[in-house]
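Engineer: structure, please.
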Amino acid sequence: MALSRRTFIGGAASVAALGVTGAGVVFPQRALALDPDGMESKMLFGDAQAGAAAIPKESGSGNYHSCRIPSIFAIPGSSVVIAVVEGRPNDVADASGNINLLMRRSTDSGLTWSAATTLAGAGLQGWTNPTLVHDRTTGRLTCFMLRRQLGELYVIDPDVYIATSENNGATWTNPVARPDLNRAAGGNDFIGPGNGIQRADGTLVVPARGRLIIKAPGGDWASHGLPQGLSDGPYGEGTVTERSDGRLILNYRALDREIKNGGTYPHTRRIAIGNPGSWQMFGQEYWRAQIIDPGAHAAQISHSINGVPHLIHLNSATREIDNRYVMTLRASADDGETWTSYQQPLSEDPLASEGDLAGNLREGGYSALTSTGSGLILALVEARRVQYNNPSLHDLNHNSPCAVVLRRFDPSWIVP
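Structural biologist: Alright, predicted model coming up:
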(Lines give C-alpha, C1' and ligand atoms only; values in the text may rest on other atoms or scores of the structure.)
Protein backbone atom coordinates (compact mmCIF):
# COMPACT_ATOMS: atom_id res chain seq x y z
CA MET A 1 0.00 0.00 0.00
CA ALA A 2 1.51 3.35 -0.97
CA LEU A 3 2.02 5.84 1.81
CA SER A 4 -0.33 8.76 1.39
CA ARG A 5 1.43 12.05 0.92
CA ARG A 6 -0.63 13.42 3.82
CA THR A 7 0.02 10.50 6.18
CA PHE A 8 2.82 10.16 8.72
CA ILE A 9 2.94 6.54 9.79
CA GLY A 10 2.78 3.51 7.55
CA GLY A 11 4.51 1.55 4.79
CA ALA A 12 5.02 1.84 1.06
CA ALA A 13 5.68 -0.47 -1.86
CA SER A 14 9.00 -0.43 -3.66
CA VAL A 15 10.22 -1.21 -7.14
CA ALA A 16 13.61 -1.99 -8.62
CA ALA A 17 15.65 0.90 -10.00
CA LEU A 18 19.09 1.65 -11.32
CA GLY A 19 20.69 4.41 -9.27
CA VAL A 20 23.55 6.78 -10.01
CA THR A 21 25.23 8.56 -7.11
CA GLY A 22 26.79 12.00 -7.29
CA ALA A 23 30.15 10.26 -7.59
CA GLY A 24 28.98 8.46 -10.73
CA VAL A 25 28.77 4.98 -9.16
CA VAL A 26 25.99 2.92 -10.71
CA PHE A 27 24.25 0.28 -8.60
CA PRO A 28 20.83 -1.39 -8.27
CA GLN A 29 18.66 -0.03 -5.50
CA ARG A 30 15.02 -0.10 -4.44
CA ALA A 31 13.04 3.00 -5.20
CA LEU A 32 10.32 4.39 -2.96
CA ALA A 33 6.79 4.30 -4.27
CA LEU A 34 5.51 7.86 -4.46
CA ASP A 35 2.13 9.44 -4.94
CA PRO A 36 1.50 10.90 -8.40
CA ASP A 37 2.60 14.37 -7.33
CA GLY A 38 6.03 13.02 -6.34
CA MET A 39 6.17 14.22 -2.70
CA GLU A 40 5.38 12.32 0.50
CA SER A 41 5.92 12.80 4.22
CA LYS A 42 5.96 10.85 7.45
CA MET A 43 7.03 11.56 11.01
CA LEU A 44 10.41 9.97 11.72
CA PHE A 45 11.32 11.36 15.16
CA GLY A 46 8.25 12.34 17.18
CA ASP A 47 7.88 14.82 20.01
CA ALA A 48 6.33 13.88 23.34
CA GLN A 49 2.84 14.53 21.95
CA ALA A 50 3.26 12.43 18.78
CA GLY A 51 1.35 9.38 19.96
CA ALA A 52 2.71 6.16 18.49
CA ALA A 53 5.49 8.12 16.76
CA ALA A 54 6.87 9.53 20.03
CA ILE A 55 10.42 8.51 21.01
CA PRO A 56 10.64 6.84 24.47
CA LYS A 57 13.40 7.96 26.79
CA GLU A 58 16.04 5.33 27.54
CA SER A 59 15.00 5.34 31.20
CA GLY A 60 11.47 4.36 30.27
CA SER A 61 10.03 7.41 32.03
CA GLY A 62 8.02 8.99 29.26
CA ASN A 63 8.99 10.29 25.83
CA TYR A 64 11.50 12.81 24.56
CA HIS A 65 10.02 16.28 24.78
CA SER A 66 11.57 17.32 21.45
CA CYS A 67 13.78 16.14 18.60
CA ARG A 68 15.76 18.75 16.68
CA ILE A 69 18.84 19.40 14.49
CA PRO A 70 18.58 16.60 11.88
CA SER A 71 21.26 14.84 9.84
CA ILE A 72 20.55 12.26 7.11
CA PHE A 73 22.87 10.34 4.82
CA ALA A 74 22.24 7.71 2.13
CA ILE A 75 25.34 5.53 1.83
CA PRO A 76 26.51 5.21 -1.79
CA GLY A 77 26.46 1.71 -3.24
CA SER A 78 23.90 0.46 -0.74
CA SER A 79 20.28 0.85 0.28
CA VAL A 80 21.24 2.05 3.77
CA VAL A 81 20.14 5.46 5.05
CA ILE A 82 21.15 6.84 8.45
CA ALA A 83 19.14 9.56 10.20
CA VAL A 84 20.39 11.26 13.38
CA VAL A 85 18.78 13.99 15.49
CA GLU A 86 19.24 15.62 18.86
CA GLY A 87 16.87 14.11 21.42
CA ARG A 88 15.99 16.74 24.01
CA PRO A 89 14.41 14.92 26.96
CA ASN A 90 12.74 17.68 28.94
CA ASP A 91 12.59 20.90 26.89
CA VAL A 92 13.02 22.23 23.37
CA ALA A 93 15.66 24.83 24.30
CA ASP A 94 19.29 24.55 23.21
CA ALA A 95 20.39 24.74 26.85
CA SER A 96 17.71 22.30 28.02
CA GLY A 97 20.11 19.80 29.57
CA ASN A 98 21.29 16.26 28.88
CA ILE A 99 20.80 16.13 25.09
CA ASN A 100 21.40 12.76 23.38
CA LEU A 101 21.93 11.89 19.72
CA LEU A 102 19.22 9.51 18.48
CA MET A 103 19.55 7.39 15.33
CA ARG A 104 17.20 5.49 13.04
CA ARG A 105 18.48 3.27 10.22
CA SER A 106 16.86 2.14 6.99
CA THR A 107 18.11 -0.73 4.83
CA ASP A 108 15.67 -0.13 1.96
CA SER A 109 16.41 3.43 0.87
CA GLY A 110 14.12 4.99 3.47
CA LEU A 111 11.09 2.78 2.92
CA THR A 112 11.11 1.36 6.45
CA TRP A 113 13.11 2.32 9.53
CA SER A 114 14.48 0.75 12.70
CA ALA A 115 13.38 1.90 16.12
CA ALA A 116 15.28 4.87 17.49
CA THR A 117 18.50 4.04 19.33
CA THR A 118 21.05 6.20 21.13
CA LEU A 119 24.18 6.96 19.13
CA ALA A 120 25.72 9.25 21.78
CA GLY A 121 24.41 9.94 25.25
CA ALA A 122 27.02 9.02 27.87
CA GLY A 123 27.33 11.29 30.89
CA LEU A 124 25.38 14.42 31.69
CA GLN A 125 26.66 16.51 28.79
CA GLY A 126 24.71 17.66 25.78
CA TRP A 127 25.63 15.82 22.56
CA THR A 128 24.78 18.12 19.65
CA ASN A 129 25.29 19.08 15.99
CA PRO A 130 25.30 15.61 14.33
CA THR A 131 27.09 15.72 10.97
CA LEU A 132 27.51 12.55 8.90
CA VAL A 133 30.16 11.87 6.26
CA HIS A 134 31.09 8.66 4.43
CA ASP A 135 34.35 7.48 2.85
CA ARG A 136 33.53 5.39 -0.22
CA THR A 137 37.13 4.15 -0.37
CA THR A 138 37.33 2.67 3.14
CA GLY A 139 33.60 2.24 3.74
CA ARG A 140 33.89 4.13 7.04
CA LEU A 141 30.93 6.22 8.18
CA THR A 142 31.78 9.06 10.58
CA CYS A 143 29.47 11.14 12.72
CA PHE A 144 30.92 14.44 13.94
CA MET A 145 29.33 15.97 17.02
CA LEU A 146 29.94 18.47 19.81
CA ARG A 147 29.87 17.66 23.52
CA ARG A 148 28.51 20.67 25.39
CA GLN A 149 28.26 21.67 29.02
CA LEU A 150 24.83 21.94 30.59
CA GLY A 151 22.47 24.85 31.05
CA GLU A 152 23.95 28.34 31.00
CA LEU A 153 27.35 26.90 30.04
CA TYR A 154 25.95 25.46 26.79
CA VAL A 155 27.84 27.92 24.55
CA ILE A 156 31.16 27.87 26.41
CA ASP A 157 33.92 25.96 24.60
CA PRO A 158 32.17 22.79 23.37
CA ASP A 159 34.46 19.94 22.32
CA VAL A 160 34.58 18.11 18.97
CA TYR A 161 33.97 14.34 19.10
CA ILE A 162 33.67 11.71 16.38
CA ALA A 163 32.07 8.27 16.32
CA THR A 164 32.71 5.84 13.47
CA SER A 165 31.04 2.79 11.95
CA GLU A 166 32.62 0.17 9.71
CA ASN A 167 29.31 -1.55 8.85
CA ASN A 168 27.11 1.23 7.45
CA GLY A 169 25.82 2.37 10.81
CA ALA A 170 24.78 -1.03 12.21
CA THR A 171 27.21 -0.53 15.12
CA TRP A 172 29.26 2.46 16.23
CA THR A 173 32.33 3.18 18.30
CA ASN A 174 31.94 5.29 21.40
CA PRO A 175 32.50 8.98 20.62
CA VAL A 176 36.20 9.93 20.75
CA ALA A 177 37.38 13.42 21.67
CA ARG A 178 39.32 15.35 19.01
CA PRO A 179 40.64 18.45 20.82
CA ASP A 180 42.89 19.20 17.82
CA LEU A 181 39.73 19.95 15.83
CA ASN A 182 38.18 22.32 18.37
CA ARG A 183 37.61 25.90 17.31
CA ALA A 184 40.95 27.62 17.83
CA ALA A 185 39.36 30.86 19.02
CA GLY A 186 37.32 29.06 21.68
CA GLY A 187 33.77 30.03 22.60
CA ASN A 188 30.61 28.67 21.03
CA ASP A 189 31.17 26.27 18.14
CA PHE A 190 29.15 24.60 15.38
CA ILE A 191 29.78 21.48 13.32
CA GLY A 192 27.48 21.28 10.30
CA PRO A 193 24.89 20.21 11.24
CA GLY A 194 23.74 17.84 8.51
CA ASN A 195 26.38 16.21 6.35
CA GLY A 196 29.88 16.48 4.99
CA ILE A 197 30.96 15.41 1.52
CA GLN A 198 33.60 13.37 -0.27
CA ARG A 199 35.20 15.17 -3.18
CA ALA A 200 35.94 13.49 -6.52
CA ASP A 201 39.58 13.03 -5.45
CA GLY A 202 38.52 11.20 -2.26
CA THR A 203 39.04 14.10 0.16
CA LEU A 204 36.46 14.33 2.96
CA VAL A 205 35.16 17.78 3.92
CA VAL A 206 32.99 18.72 6.93
CA PRO A 207 31.72 22.31 7.49
CA ALA A 208 32.26 23.94 10.88
CA ARG A 209 32.28 27.38 12.45
CA GLY A 210 35.07 29.47 10.97
CA ARG A 211 36.70 26.47 9.30
CA LEU A 212 36.41 23.34 7.21
CA ILE A 213 37.50 20.04 8.75
CA ILE A 214 39.27 18.13 5.96
CA LYS A 215 40.72 14.63 5.63
CA ALA A 216 42.89 13.91 2.59
CA PRO A 217 43.07 10.27 1.37
CA GLY A 218 45.35 8.34 3.72
CA GLY A 219 45.65 11.30 6.09
CA ASP A 220 43.96 12.51 9.27
CA TRP A 221 41.39 15.19 9.96
CA ALA A 222 42.70 18.79 10.09
CA SER A 223 41.13 22.25 10.26
CA HIS A 224 41.36 24.84 7.48
CA GLY A 225 40.25 28.42 8.13
CA LEU A 226 37.47 30.30 6.32
CA PRO A 227 37.06 34.02 5.54
CA GLN A 228 35.57 36.31 8.16
CA GLY A 229 32.01 37.62 8.01
CA LEU A 230 30.67 41.15 7.92
CA SER A 231 31.12 41.68 11.65
CA ASP A 232 34.61 40.18 11.60
CA GLY A 233 33.17 36.99 12.97
CA PRO A 234 33.55 33.46 11.56
CA TYR A 235 31.07 31.65 9.39
CA GLY A 236 28.51 29.87 11.58
CA GLU A 237 26.36 26.83 10.80
CA GLY A 238 26.47 25.81 7.16
CA THR A 239 26.91 23.33 4.35
CA VAL A 240 29.57 22.44 1.79
CA THR A 241 29.05 20.93 -1.68
CA GLU A 242 31.38 20.20 -4.61
CA ARG A 243 30.46 21.90 -7.86
CA SER A 244 30.80 20.26 -11.27
CA ASP A 245 33.92 22.38 -11.91
CA GLY A 246 35.59 20.82 -8.86
CA ARG A 247 35.39 23.88 -6.63
CA LEU A 248 33.61 23.89 -3.30
CA ILE A 249 30.53 26.00 -2.64
CA LEU A 250 29.92 27.03 0.97
CA ASN A 251 26.42 28.02 2.10
CA TYR A 252 26.26 29.46 5.63
CA ARG A 253 23.78 31.27 7.84
CA ALA A 254 24.57 34.60 9.41
CA LEU A 255 25.68 34.83 13.01
CA ASP A 256 23.12 35.94 15.58
CA ARG A 257 24.85 39.27 16.08
CA GLU A 258 24.58 39.98 12.34
CA ILE A 259 20.92 38.99 12.25
CA LYS A 260 19.69 40.86 15.30
CA ASN A 261 21.93 43.93 15.48
CA GLY A 262 20.65 45.65 12.35
CA GLY A 263 23.27 47.13 10.07
CA THR A 264 24.05 45.61 6.70
CA TYR A 265 22.62 42.10 7.04
CA PRO A 266 20.42 41.62 3.92
CA HIS A 267 18.58 38.48 5.15
CA THR A 268 20.12 36.18 2.56
CA ARG A 269 22.56 33.27 2.59
CA ARG A 270 26.31 33.82 2.81
CA ILE A 271 28.04 32.01 -0.06
CA ALA A 272 31.69 31.40 -0.95
CA ILE A 273 33.09 29.44 -3.91
CA GLY A 274 36.61 28.10 -4.29
CA ASN A 275 39.03 25.98 -2.29
CA PRO A 276 40.90 26.48 0.99
CA GLY A 277 43.04 29.59 0.60
CA SER A 278 41.23 30.83 -2.53
CA TRP A 279 37.63 31.88 -1.95
CA GLN A 280 35.39 33.96 -4.22
CA MET A 281 32.60 35.92 -2.53
CA PHE A 282 29.37 37.15 -4.08
CA GLY A 283 29.64 40.93 -3.83
CA GLN A 284 31.26 43.09 -1.21
CA GLU A 285 28.95 41.81 1.51
CA TYR A 286 29.51 38.09 0.86
CA TRP A 287 25.77 37.41 0.46
CA ARG A 288 23.73 35.58 -2.21
CA ALA A 289 20.68 37.79 -2.78
CA GLN A 290 18.73 35.10 -4.68
CA ILE A 291 18.43 32.92 -1.56
CA ILE A 292 16.56 34.94 1.05
CA ASP A 293 16.80 33.70 4.62
CA PRO A 294 15.45 34.62 8.07
CA GLY A 295 18.71 33.65 9.78
CA ALA A 296 18.47 29.88 10.28
CA HIS A 297 20.27 26.74 9.16
CA ALA A 298 19.69 25.43 5.61
CA ALA A 299 20.49 22.23 3.72
CA GLN A 300 22.23 21.85 0.36
CA ILE A 301 23.42 18.84 -1.65
CA SER A 302 24.39 17.93 -5.19
CA HIS A 303 22.05 15.65 -7.14
CA SER A 304 21.97 14.52 -10.78
CA ILE A 305 18.66 15.07 -12.59
CA ASN A 306 18.39 13.39 -15.99
CA GLY A 307 22.16 13.26 -16.14
CA VAL A 308 22.56 17.00 -15.38
CA PRO A 309 24.22 17.97 -12.06
CA HIS A 310 22.09 20.23 -9.89
CA LEU A 311 22.44 21.79 -6.47
CA ILE A 312 19.36 21.26 -4.27
CA HIS A 313 18.73 23.75 -1.46
CA LEU A 314 16.15 23.79 1.36
CA ASN A 315 15.48 26.63 3.79
CA SER A 316 12.79 29.06 4.96
CA ALA A 317 12.39 31.54 2.11
CA THR A 318 11.57 34.73 3.99
CA ARG A 319 13.43 37.77 5.29
CA GLU A 320 11.27 37.89 8.43
CA ILE A 321 13.57 37.25 11.40
CA ASP A 322 12.67 34.05 13.31
CA ASN A 323 10.10 32.93 10.70
CA ARG A 324 11.33 29.40 10.02
CA TYR A 325 8.05 28.18 8.54
CA VAL A 326 8.29 29.09 4.85
CA MET A 327 10.30 26.02 3.84
CA THR A 328 11.17 26.09 0.15
CA LEU A 329 13.08 23.73 -2.11
CA ARG A 330 15.25 25.25 -4.83
CA ALA A 331 17.39 23.76 -7.58
CA SER A 332 20.27 25.33 -9.48
CA ALA A 333 21.44 23.86 -12.79
CA ASP A 334 24.51 26.12 -13.02
CA ASP A 335 26.50 25.28 -9.88
CA GLY A 336 24.73 27.85 -7.71
CA GLU A 337 25.23 30.85 -9.99
CA THR A 338 21.45 31.29 -10.26
CA TRP A 339 18.57 30.00 -8.14
CA THR A 340 15.48 31.64 -9.61
CA SER A 341 14.29 29.08 -12.20
CA TYR A 342 13.26 26.14 -10.00
CA GLN A 343 11.63 26.50 -6.58
CA GLN A 344 8.71 24.97 -4.75
CA PRO A 345 7.38 25.61 -1.21
CA LEU A 346 6.75 22.53 0.93
CA SER A 347 3.38 24.10 1.75
CA GLU A 348 2.28 23.02 -1.75
CA ASP A 349 2.04 19.54 -0.21
CA PRO A 350 1.42 20.26 3.49
CA LEU A 351 1.67 17.83 6.37
CA ALA A 352 -1.53 16.08 7.36
CA SER A 353 -1.85 18.10 10.57
CA GLU A 354 -0.32 21.36 9.35
CA GLY A 355 -1.94 24.45 10.86
CA ASP A 356 -2.11 27.09 13.57
CA LEU A 357 -4.54 25.36 15.92
CA ALA A 358 -3.58 23.62 19.15
CA GLY A 359 -2.18 20.15 18.41
CA ASN A 360 -1.26 20.98 14.81
CA LEU A 361 2.29 20.94 13.45
CA ARG A 362 4.12 23.87 11.85
CA GLU A 363 6.81 22.57 9.52
CA GLY A 364 9.99 24.57 9.38
CA GLY A 365 13.41 25.15 10.88
CA TYR A 366 16.59 23.15 10.56
CA SER A 367 16.69 20.62 7.73
CA ALA A 368 18.94 18.05 6.09
CA LEU A 369 19.03 16.52 2.59
CA THR A 370 20.49 13.38 1.05
CA SER A 371 20.53 11.93 -2.46
CA THR A 372 19.63 8.26 -2.81
CA GLY A 373 20.83 5.93 -5.53
CA SER A 374 17.20 5.39 -6.59
CA GLY A 375 17.07 8.93 -7.94
CA LEU A 376 14.91 10.21 -5.10
CA ILE A 377 15.86 12.79 -2.49
CA LEU A 378 15.19 12.44 1.25
CA ALA A 379 14.82 15.44 3.54
CA LEU A 380 14.46 15.76 7.29
CA VAL A 381 12.63 18.89 8.45
CA GLU A 382 11.76 20.13 11.93
CA ALA A 383 8.07 20.53 12.79
CA ARG A 384 6.82 22.38 15.89
CA ARG A 385 3.78 21.25 17.87
CA VAL A 386 1.31 24.13 18.29
CA GLN A 387 0.31 24.52 21.95
CA TYR A 388 -2.58 26.94 21.54
CA ASN A 389 -4.40 28.60 18.68
CA ASN A 390 -2.50 31.12 16.52
CA PRO A 391 0.77 31.28 18.44
CA SER A 392 3.40 33.95 17.83
CA LEU A 393 6.69 33.11 16.12
CA HIS A 394 8.44 33.49 19.46
CA ASP A 395 6.17 30.94 21.10
CA LEU A 396 6.61 28.50 18.22
CA ASN A 397 10.38 28.78 18.29
CA HIS A 398 10.94 28.78 22.03
CA ASN A 399 7.99 27.08 23.73
CA SER A 400 6.67 24.43 21.32
CA PRO A 401 7.81 20.78 21.33
CA CYS A 402 9.58 19.83 18.12
CA ALA A 403 9.44 16.69 15.97
CA VAL A 404 11.36 15.79 12.81
CA VAL A 405 9.50 14.86 9.63
CA LEU A 406 10.86 12.82 6.72
CA ARG A 407 10.11 14.18 3.24
CA ARG A 408 10.85 11.98 0.24
CA PHE A 409 10.39 13.22 -3.27
CA ASP A 410 11.26 12.90 -6.91
CA PRO A 411 13.32 15.91 -8.07
CA SER A 412 10.72 16.48 -10.78
CA TRP A 413 8.66 18.00 -7.95
CA ILE A 414 10.90 21.07 -8.31
CA VAL A 415 12.52 20.54 -11.75
CA PRO A 416 9.83 19.55 -14.26
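Engineer: from here on, contacts and neighbour counts on C-alpha atoms
Structural biologist: Will do.
Engineer: could you find the closest non-adjacent residue to residue 134?
Structural biologist: Spatial nearest neighbour of residue 134, excluding adjacent residues (C-alpha to C-alpha, 6 or more residues apart in numbering): residue 141 at 4.5 Å.
Engineer: do I have it right that the one you found meets residue 171?
Structural biologist: No: contact between residue 141 and residue 171 fails when scored by C-alpha atoms under 8 Å: they sit 10.4 Å apart.
Engineer: pLDDT-wise, which helix or strand of this protein ranks last?
Structural biologist: Using mean pLDDT, DSSP states H and E, the weakest-scoring helix or strand in the chain turns out to be strand 14-20, at a mean of 28.
Engineer: which residue packs closest to residue 46, ignoring adjacent ones?
Structural biologist: residue 54 (4.2 Å).
Engineer: ok, residue 164 next?
Structural biologist: residue 142 (4.4 Å).
Engineer: ok, what's across the strand from that neighbour?
Structural biologist: Beta-bridge partners of residue 142, counted by DSSP bridges, are residue 133, residue 164.
Engineer: gap between it and residue 336?
Structural biologist: 27 Å (C-alpha to C-alpha, to the nearest Å).
Engineer: what of residue 275?
Structural biologist: 15 Å.
Engineer: compare the two (neighbour count), which wins?
Structural biologist: Legend: neighbour count by other C-alpha atoms under 10 Å for residue 275 and residue 336, higher for residue 336 (19 against 15).
Engineer: what are the phi and psi values at residue 399?
Structural biologist: The phi/psi pair for residue 399 (degrees, to the nearest 10) reads phi -120, psi 0.
Engineer: can you count the residues close to the nearest residue to it once chain neighbours are set aside?
Structural biologist: Nearest residue to residue 399 in three dimensions, chain neighbours excluded: residue 92, at 7.0 Å (C-alpha to C-alpha, 6+ apart). Residue 92 has 24 neighbours, counted by other C-alpha under 10 Å.
Engineer: I'd guessed residue 92 sits against residue 65; true?
Structural biologist: Yes: at 6.8 Å, residue 92 counts as touching residue 65 under the criterion of C-alpha under 8 Å.
Engineer: shared neighbours of the two, which are they?
Structural biologist: Shared contacts of residue 92 and residue 65, defined by C-alpha atoms under 8 Å, 6 or more residues apart in numbering, comprise 401-402.
Engineer: re earlier: the residue nearest to residue 46 touches residue 44, doesn't it?
Structural biologist: No: between residue 54 and residue 44 there is no contact under C-alpha under 8 Å: 9.0 Å.
Engineer: can I assume residue 300 sits in a strand?
Structural biologist: Yes: judged by DSSP: H, G, I helix; E, B strand; the rest coil, residue 300 forms part of a strand.
Engineer: can you tell me the helix or strand for the closest residue in space to it that isn't next to it in sequence?
Structural biologist: Among residues not flanking residue 300 along the chain, residue 313 sits closest, at 4.4 Å (C-alpha to C-alpha, 6+ apart). Assessed by DSSP states H and E, residue 313 sits inside strand 308-316.
Engineer: got a list of what the residue nearest to residue 399 touches?
Structural biologist: Residue 92 neighbours (C-alpha under 8 Å, 6+ apart): 65-67, 398-402.
Engineer: helix, strand, or coil at it?
Structural biologist: coil.
Engineer: check what pLDDT residue 192 gets.
Structural biologist: If you check residue 192, the pLDDT there is 96.
Engineer: got the phi and psi for it?
Structural biologist: Per-residue torsions, residue 192: phi 60, psi -110 (degrees, to the nearest 10).
Engineer: if I look at it, how far off is residue 80?
Structural biologist: Taken as C-alpha to C-alpha, the span from residue 192 to residue 80 is 21 Å.
Engineer: residue ranges with poor pLDDT in the stretch 201-350 of the chain?
Structural biologist: 229-234, 261-264, 282-287 (pLDDT under 70).
Engineer: where along it do the helices fall?
Structural biologist: All helices of the stretch 201-350 of the chain, identified by DSSP state H, counting those that start in this stretch, fall at 256-260.
Engineer: not counting sequence-adjacent ones, nearest residue to residue 293?
Structural biologist: residue 268 (4.6 Å).
Engineer: what about that neighbour, how many residues close to it?
Structural biologist: Neighbour tally, residue 268, other C-alpha under 10 Å: 22.
Engineer: list the contacts for the closest residue to residue 208 other than its chain neighbours?
Structural biologist: Closest residue to residue 208 apart from its sequence neighbours, by C-alpha to C-alpha, 6+ apart: residue 191 at 4.3 Å. Neighbouring residues of residue 191 by C-alpha under 8 Å, 6+ apart: 129-131, 144-146, 206-209, 237.
Engineer: now residue 70
Structural biologist: By C-alpha under 8 Å, 6+ apart, residue 70 lies in contact with 83-86, 130, 193-194, 366-368, 380-382, 404.
Engineer: just say helix, strand or coil for the residue sitting nearest the centre point of the chain.
Structural biologist: By C-alpha atoms, centre = their mean, the chain has its centre lying nearest to residue 368, at 2.4 Å. Per three-state DSSP, the local secondary structure of residue 368 is strand.
Engineer: hang on, isn't it packed against residue 379?
Structural biologist: Yes: here residue 368 reaches residue 379: they are 5.5 Å apart, a contact under C-alpha under 8 Å.
Engineer: would you list the phi and psi of residue 154?
Structural biologist: According to degrees, to the nearest 10, residue 154 has phi -50, psi -40.
Engineer: and the one 4 residues further on, by the same measure?
Structural biologist: The phi and psi values for residue 158, taken as degrees, to the nearest 10, are phi -70, psi 160.
Engineer: buried set for stretch 389-397?
Structural biologist: 391, 396-397 (16 or more other C-alpha atoms under 10 Å).
Engineer: rebuild those residues as a markdown table, extending it with distance to residue 294.
Structural biologist: Shown next, in a markdown table, are these (distance: C-alpha to C-alpha, whole Å):
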| residue | distance to residue 294 |
| --- | --- |
| 391 | 18 |
| 396 | 15 |
| 397 | 13 |
